[in-house]
Structures are given as C-alpha cells and as structure tokens.
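Undergrad: Show me how the following folds:
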Amino acid sequence: MPIDYKKELNPAQLEAVRMMEGSCLVIAGAGSGKTRILVYRVAHLVEKGVNPEEILLLTFTRKSAQEMLLRASLILDERCKNVSGGTFHSFANMVLRKYARLVGMPNNFTIMDQADAENAVNLVRKNLGFGGGDTKFPRKKALLNIISKSVNTPHDISLVIESEYPHFMEYGDAIKKIKRSYIDYKREKGLFDYDDLLVYLKKLLSSNKEIQASLSKKYRYIMVDEYQDTNKLQAEILHLLLSEHENIMAVGDDSQSIYAFRGANFKNIMDFPKTFKGSKIITLEENYRSMQPILDLTNRVIDFAAEKFRKNLFTRKKGDNMPHFIETENENGQSEHIVKKVTELRSRGIKLGDIAVLFRSGWHSNDLEVGLARNNIPFIKYGGRKFVESSHVKDLISHVQAFYNVNNEISWNRVLTLMRGIGPKTAKKMFERIIEDKNALSSDDKLFKKARDAERLSKVFEEARGEDKTPSDIIKMFNVYYEPIFKERYDDFHKRINDLGSLEKIALRYEKIEDFLTDMALEPPEETAVKKNHDNTDKSKLILSTIHSAKGLEWHTVFIIHVAEGYVPSYQSIGNDDSIEEERRLLYVAMTRAKENLYMLKPMIDFSPRNYLTNKNGPTFTEISRFLREGDILKNYMTRKVRQA
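TA: Numbering: from 1, shown residues only. Reported below is the predicted structural model:
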C-alpha cells in the first residue's frame, strides 16, 4: 500500500519529506515532529526508487539512527533497513577501517575512550617533563579538553586558552608541545581518540580525490539530524562528501544549540543558506507537545535572541495553564515548595516519572535532594557515570584492548599495574619488554616472575589466540583471569559483578573483537548494573536533571530551579555575548520540555558556596534572570508569586 503522506504529515512536514533534489534546511521548532520528517523522508526516497544504500543518515547517537530506520521500514518495507545510518564518528570509523593506511595509520587502529585519551596526554606530559611539582600546571582532563577544543573549533591552542582557560596562559607553549607530541604518540601506537576519527576522515577526503568522489557518488542523499550541534570538522566533512552533488537535508533548531562546550558551532546552522546557495528553508512551527501559554512564553524569550531564524510555535492542543514564576525566601523554601507541589500532583494521579526538576548545574539540586529524601519522594538524577567508565568494567576492557593491540601502552599500563605485586615503575619496564619481544607476555622473564598473575595472564593470551574464539569467549577468558584481582580490589564486588557478566552478554552480538571494542568506545551502554538495580526498586520516580541531559525529553510538569542571574545565565558566561546567547537557548530548551505545567523558581537569597567565595559579606539577594526581565515577559506571560518561609 502506498503511504498517505498528506494524512500523516502537516503541510510543512510534507514539503520537507517530498523534497528530492538539492539542499534544504529544516528549522524544526521544539516538539514539532523533527524525527517524523527524517523517518518519512527515508521512506519517501526509497518508495520513489532511490537505492537505500545511496542514502546516508547521520545522527548524534547510533541508537536514534537505528530507531528511525526501523520506523521507516515499518511504514514502508524492509528496504529501509539497508540505509546507512549512524553517527559521524561511526561513519568515520567504517571508512577509515578500509583506508586508514592512506593517511599514515594502520587499518586495525584502536579507539581510545575519554579516560584512555586523558591518560595518554598525561603520559606525554610526563615524558616531556612538564608539570612535575608545579601544582598549577593543567591536569590531564583540562589538557585534553584544550587540545580537543582546538581540533573541533576554528580556534588554535592560544585562543582556546585565552577564552576559556586564561589561568593557564603562562603554559601556552608547553601545551602546544604536548599537543604535537600527543599526535606523534598516537600515530606511533596506532591509537585514535574521538577527534581523530573526524580529523583523519577529513584528511582522507581532502588528500584523495578519487575516494572523495567515490564516497560522494555512493551517498547521493545525505540527511543530518541535530545540525545545530555539529562542529567545524563535521561541517567540513559534509562539504567534502557533497563534491558530486548537493543533495543534503539538514534538520535542526538554532534555538536549541546548547553544546558549545563540546565544540558545537552555532554558526554552522546559521550559515547553511550562505554555504549552500539557493537552499530551501522550511520552518516547522506546529508544536505537538506543549500548551499554548507555555509556547507564548518560550516564543517571547527567544524573540530577544541576537541571531536566529524567525519562528512562532503554535499548537492545536486545548489548555490555558499559565506558566508560574515563584520567588521563595531562600533555597530551602524553593525545595519545600517543590515537595509540596509534587505531593499535590501525585495525589491528582500524575505519576512521579512524568514530573521533572531541571537545573543549570548538578549541584543546584543538592538542597532539593535532601528535602525529597526527608519526605520519602523517590527520585532519579540524570547525568550519571557511563557503564564503561566504571573502574571494574574499564579494568576488564583494558585487558581485551591490550590483547587486540599490543602497542596500546595505556591499556597495558592498567593491566600490568592491576597485577598483584607490580607498581608503576616495574609496569613500565614490563611494557618495554613486551614491545621488544612482540609477544605479549613471557612468563620466563625475571621481571614477569615478580607478578603473581603474569603466568596466568600469559596462558589466557595464548588461549585467546586460538581458532574460532568469539568476542564473548575472549571476554569470558579474561573475566576468569580477572576475578581474583577483582574480588581483592573492590569491597563491594558483589554489587559490581553483574556488570562483568553483562559484558559477556553484550559481546554475544559481535563476530569480531574489533567491532566490540569500537562500540564500547563510541556507543557505550549508559548505566551500571548497580544503578539499574537501585532504579528498579521503584518504577515511579521524580526526575532530576541538568538541562543539557534533558534535551529531547518531555514531561507533564516541569520545574526549573534557580532562574536567577549567576545560575541561568551562569556566572561564567557573564561578559561574553556568545555565551549569554547560549544560556538563553539553554533556558528555552528547559521551558519547552513542559507539556502542561511549567514552574520557574528562584530563592531571594543566595547561600551558595560560590557566593561566599566572591562576596566576603556572605549571602546576598539574587536578581531574576535577565531572560525573564526583558520586555513584558513576567507581566504578560507568567503568573508571579512570592512565598515567604
């Protein structure tokens, strides 16, 4: 049966879905059915005879790409599953596994996760002799952040330090040397960090016109989700992929560009019409999430943005609940008001899981968490540690990484120092011996006899090299080896052990250990079993979340706390026009999460530790966020109350 697009889509959505050739920018306002556009356009292209393998769908998580293609296949047929879908990084990985040697890297490169990349930078720093006893020298996380920003943005090291890390200005030359040595180190060891996937893909496309043309002809229709979150490198890669045509549809919302700290470039979406001359711009303004009073407020707040695509969100949903602005005497009063309101909503049948409290930074909810616990209101807080960042999971994966790439010094360092009886100095000597022998471990060597676990590990390496060993088999072998170390190392090993079993189960999905390790680095599972077990004790929990973590989600009722100067906008953004504009968009994202009720709160007195550091006189009165003081917002678009403690 042909798809009835007119029935399924509104006029603006239909226009975007039916567009076949040329460049198009879809400005998709919050709650306007952005995903629907991409799903139906995939189906429409395939239905019109486009080979699915000629369509490339780039999203910001592979899961979202898989879900879109599944939905498209349910709308049309199984052909949609043959569309190439994934993240920029997974696409880069796929291409570079074939062509990395052309840009001076081995095709069997290892991808480092954040922690490994930080350790590699730190190792380079030590080898260069920087830092030492200087406690002011930037630590490994800051070093990697600075280097990464210089790669993903138009700014070099000096500009990144000047704008974001001015307290490190005196170390500028040292950081530049660390960056150069870090690049050499990775090349020598066959290692990629996240940024390298994009860097080397761009290098490949720029330096090899045959491959560039071949890939451009192969992917004749390119679609990009969340275009406002792309960085400089991603935009440059897209331009190179479009050398043989200009069939690109970028979908995004300039008003929801909130990831500059990750390198996202707001200018990419704003400059799209200049970059692709003659581009069609389609604006989606019908909102399917929020009541009109909420949309009236959000429209007004974003009206004051310095640079934007004009849009006016509207809805056909019935409802006249005005957004509320509430001032309380202090932070405790703010928490008490939320506890009282949540209890009231619960009594009216609203589930806790359909209520969210949003905030600019994680520590802003500290007082509220105490109040919720005191009143026996269960909650879950978004933004936790990822599965592979847990130290015990990282331990086990490091063994597999060392097995896969014998040159991976970072993984070997972790593996060797986990051995009972081995310290950092001995581990360094052992690694040097491993590289010399090109034979992983030699149990006859005097150095290795110092380690209680070396002989056992050597046997595991031999066994894992056997024929017909699946990734799950290999994980299981290293798991057996690691178990006594694990139980000795962690007092709460009984709570963590399920995670190690989970790795074996996850590995069952893979035929090659290379693919398993790549996914663990690029698309890791989000939670530990400890966290899952804790969450499962009560299915209905109030949601606490930073605004960044809430993007893309929605709730019946939303509370936004600390809507005050210094909080939203953050005090770190004050004085920088671009940062202030991003803070405006951040508040816009928070407000547009609400379906029926929106409450914005502010304590009148600031007791935060930051305030004590900046004001010797102690607590001060807070000022309402500038984004609510502009024009007539508080007067005409919100009800306003003051709650005395």
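
Undergrad: ok, now which ones touch the closest residue to Asn247 other than its chain neighbours?
TA: By the measure of Cβ to Cβ, 6 or more residues apart in numbering, the closest residue to Asn247 outside its immediate chain neighbours is Tyr221, 4.9 Å from it. In short, each C-beta sits where N, CA and C put it, glycine included. With Cβ atoms under 8 Å, 6 or more residues apart in numbering as the criterion, the residues that contact Tyr221 are 45, 50, 54-56, 247, 249.

Undergrad: What ranges does the stretch 201-350 of the chain have for its helices?
TA: 209-218, 232-241, 266-270, 272-275, 292-303, 331-347 (DSSP state H, counting those that start in this stretch).

Undergrad: now those helices as JSON lines including distance to Pro138?
TA: What follows is those, written out as JSON lines (distance: least, Cβ to Cβ, whole Å):
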{"stretch": "helix 209-218", "distance to Pro138": "37"}
{"stretch": "helix 232-241", "distance to Pro138": "23"}
{"stretch": "helix 266-270", "distance to Pro138": "26"}
{"stretch": "helix 272-275", "distance to Pro138": "35"}
{"stretch": "helix 292-303", "distance to Pro138": "36"}
{"stretch": "helix 331-347", "distance to Pro138": "33"}
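
Undergrad: Ok, which of the ones you listed comes nearest Glu483?
TA: Using Cβ to Cβ as the measure, helix 232-241 is the one of the helices of the stretch 201-350 of the chain that comes nearest Glu483, at 41.7 Å.

Undergrad: And that closest one, what does it pack against?
TA: With contacts taken as 3 or more Cβ pairs under 8 Å, 6 or more residues apart in numbering; DSSP states H and E, helix 232-241 sits against helix 88-99, helix 140-152, helix 194-207, helix 209-218, strand 221-224, helix 266-270.

Undergrad: okay, the ones you listed, which one's buried deepest?
TA: Scoring the helices and strands packed on helix 232-241 by mean neighbour count under mean count of other Cβ atoms under 10 Å gives strand 221-224 as the most buried, with a mean of 23.

Undergrad: can I get the CA coordinates of that one in PDB?
TA: Extracted in PDB, the C-alpha atoms of strand 221-224 (Å, rounded to 0.1, in the frame of the first residue of the first chain):
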ATOM      1  CA  TYR A 221      21.300  11.600  -0.500                       C
ATOM      2  CA  ILE A 222      22.600  12.800   2.800                       C
ATOM      3  CA  MET A 223      20.500  13.700   5.800                       C
ATOM      4  CA  VAL A 224      21.800  15.200   9.100                       C
END
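
Undergrad: sorry, back to before: pull the most distant pair out of the contacts of Tyr221.
TA: Glu54 and Met249, at 14.0 Å, using Cβ to Cβ across the contacts of Tyr221.

Undergrad: Now render the helices of the stretch 201-350 of the chain as a markdown table, adding mean pLDDT.
TA: Formatted as a markdown table, these follow (pLDDT from 0 to 100):
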| stretch | mean pLDDT |
| --- | --- |
| helix 209-218 | 96 |
| helix 232-241 | 94 |
| helix 266-270 | 94 |
| helix 272-275 | 93 |
| helix 292-303 | 96 |
| helix 331-347 | 93 |
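
Undergrad: how about those helices, which one is nearest Met169?
TA: Among the helices of the stretch 201-350 of the chain, helix 232-241 comes nearest to Met169, with 23.3 Å by Cβ to Cβ.

Undergrad: For that closest one, list every residue counted as buried.
TA: Across helix 232-241, burial judged by 16 or more other Cβ atoms under 10 Å covers 232-238, 240-241.

Undergrad: Could you point out which of those is nearest to Glu436?
TA: Minimum distance to Glu436 across the buried residues of helix 232-241 is 37.1 Å, recorded for Leu233 (Cβ to Cβ).

Undergrad: Distance of the closest residue to Ala43 other than its chain neighbours relative to Val50?
TA: Nearest non-adjacent residue to Ala43, counting by Cβ to Cβ, 6+ apart: Leu76, 4.2 Å away. Using Cβ to Cβ, to the nearest Å, one gets 12 Å for the distance from Leu76 to Val50.

Undergrad: ok so, going back, so for His392, which of the helices and strands packed on helix 232-241 sits nearest?
TA: In terms of Cβ to Cβ, the element of the helices and strands packed on helix 232-241 nearest to His392 is helix 140-152, at 20.9 Å.

Undergrad: could you give the angle of the closest one to helix 232-241?
TA: Comparing the axes of helix 140-152 and helix 232-241 via axes from the mean of the first three to the mean of the last three Cα atoms, to 10 degrees yields an angle of 30 degrees.

Undergrad: Relative to the whole chain's centre, how far out is helix 140-152?
TA: Mean C-alpha position of helix 140-152 versus that of the full chain (Cα atoms, centre = their mean, to the nearest Å) differs by 16 Å.

Undergrad: packing partners for that helix?
TA: Under the contact rule (3+ Cβ pairs under 8 Å, 6+ apart), helix 140-152 is packed against helix 114-128, helix 157-164, helix 172-189, helix 194-207, helix 232-241.

Undergrad: Can you add distance to Leu102 and give those helices back as CSV?
TA: As requested, the helices and strands packed on helix 140-152 are arranged in CSV below (distance: least, Cβ to Cβ, whole Å):
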stretch, distance to Leu102
helix 114-128, 24
helix 157-164, 28
helix 172-189, 14
helix 194-207, 6
helix 232-241, 15
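
Undergrad: what about the closest residue in space to Lys308 that isn't next to it in sequence, how many neighbours?
TA: Of all residues beyond its chain neighbours, the one nearest Lys308 is Asp254 (5.7 Å), with distances taken as Cβ to Cβ, 6+ apart. Here the number of neighbours of Asp254 (other Cβ atoms under 10 Å) works out to 22.

Undergrad: I'd say Asp254 and Arg310 touch.
TA: No. With contact defined as Cβ atoms under 8 Å, Asp254 does not count as touching Arg310 (10.2 Å).

Undergrad: For the residue nearest to Leu233 when sequence neighbours are not counted, report the pLDDT, please.
TA: On the basis of Cβ to Cβ, 6+ apart, the spatially nearest residue to Leu233 that is not a chain neighbour turns out to be Leu198, at 4.2 Å. Per-residue confidence (pLDDT) for Leu198: 95.

Undergrad: Repeat that for Ile474.
TA: The model reports Ile474 with a pLDDT of 92.

Undergrad: again with Asn152
TA: At Asn152 the predicted local distance difference test score is 85.

Undergrad: OK, contacts around it?
TA: Remark: with contacts taken as Cβ under 8 Å, 6+ apart, Asn152 is in contact with 195, 198, 231-233, 262-263.

Undergrad: closest one to Val388 among the helices and strands packed on helix 140-152?
TA: Taking Cβ to Cβ as the measure, these were each checked against Val388, and helix 114-128 came out nearest at 8.6 Å.

Undergrad: Next up, phi/psi of Leu598, please.
TA: The phi and psi values for Leu598, taken as degrees, to the nearest 10, are phi -130, psi 120.

Undergrad: Ok, Leu601 next?
TA: With angles defined as degrees, to the nearest 10, Leu601 shows backbone torsions of phi -120, psi 150.

Undergrad: Who are the contact partners of it?
TA: Residues in contact with Leu601, defined by Cβ under 8 Å, 6+ apart, are 325-328, 334, 337-338, 559-563.

Undergrad: how does it look with 7 Å?
TA: Under the criterion of Cβ atoms under 7 Å, 6 or more residues apart in numbering, the contact list for Leu601 reads 326, 328, 334, 337, 559, 561, 563.
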